[in-house]
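>>> Sequence first, then the predicted structure:
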Amino acid sequence: MAASNVNVVVITGNLTRDPELRTTPSGAPVCNLRLACNTRRKEAGEWVDKPNYFDITVWGAQGESCATYLEKGRPVAIDGRLEWREWEDNNGSKRQAVEIIAESVQFLDSKPADAAGRFTPQPAPSAVGAGRNSADDEIPF
């Protein structure tokens, strides 16, 4: 019997920078996000938050939506998979990275108010996912 592999990531956190949208040479849109997610642990008897940072890649129309509606500080939930990649930089050094390839991105709050207190409307529901039912994307907390 063959062993089966599972590669699933579900993570929530806040964006540490604005989304970066680019297009591949073949014309496919791809958006890069950076997410901070805290881990709580005890140090010297006190609970402290330790931030963890994750690189997220979002492809296609979903990536375009992220670039349009998200900005630094916004909380999001990501459902995806881990991907390891290796490349050689301009100096000939081998580089490695582990990133999360998003299958779906859910916006967890409405866009913040501007300086005058006006809110920018968001698409409803705020789940962005390819071929997924928004009821399936709800987080139970």
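Arrived safely. Numbering: from 1, shown residues only.
>>> Name all residues that make contact with the residue nearest to Glu88 when sequence neighbours are not counted.
Distances taken as C-beta to C-beta, 6 or more residues apart in numbering place Lys94 nearest to Glu88, at 5.8 Å, with adjacent residues excluded. All C-beta spots, glycine's among them, are computed from the backbone N, C-alpha and C. Neighbouring residues of Lys94 by C-beta atoms under 8 Å, 6 or more residues apart in numbering: 86-88.
>>> now the residues you listed as a markdown table including neighbour count, distance to Ala3 and pLDDT?
Output for those, formatted as a markdown table (neighbours: other C-beta atoms under 10 Å; distance: C-beta to C-beta, whole Å; pLDDT from 0 to 100):
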| residue | neighbour count | distance to Ala3 | pLDDT |
| --- | --- | --- | --- |
| Glu86 | 8 | 24 | 93 |
| Trp87 | 9 | 29 | 91 |
| Glu88 | 9 | 32 | 93 |
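>>> Ramachandran coordinates for the residue nearest to Glu88?
phi -80, psi 130 (degrees, to the nearest 10).
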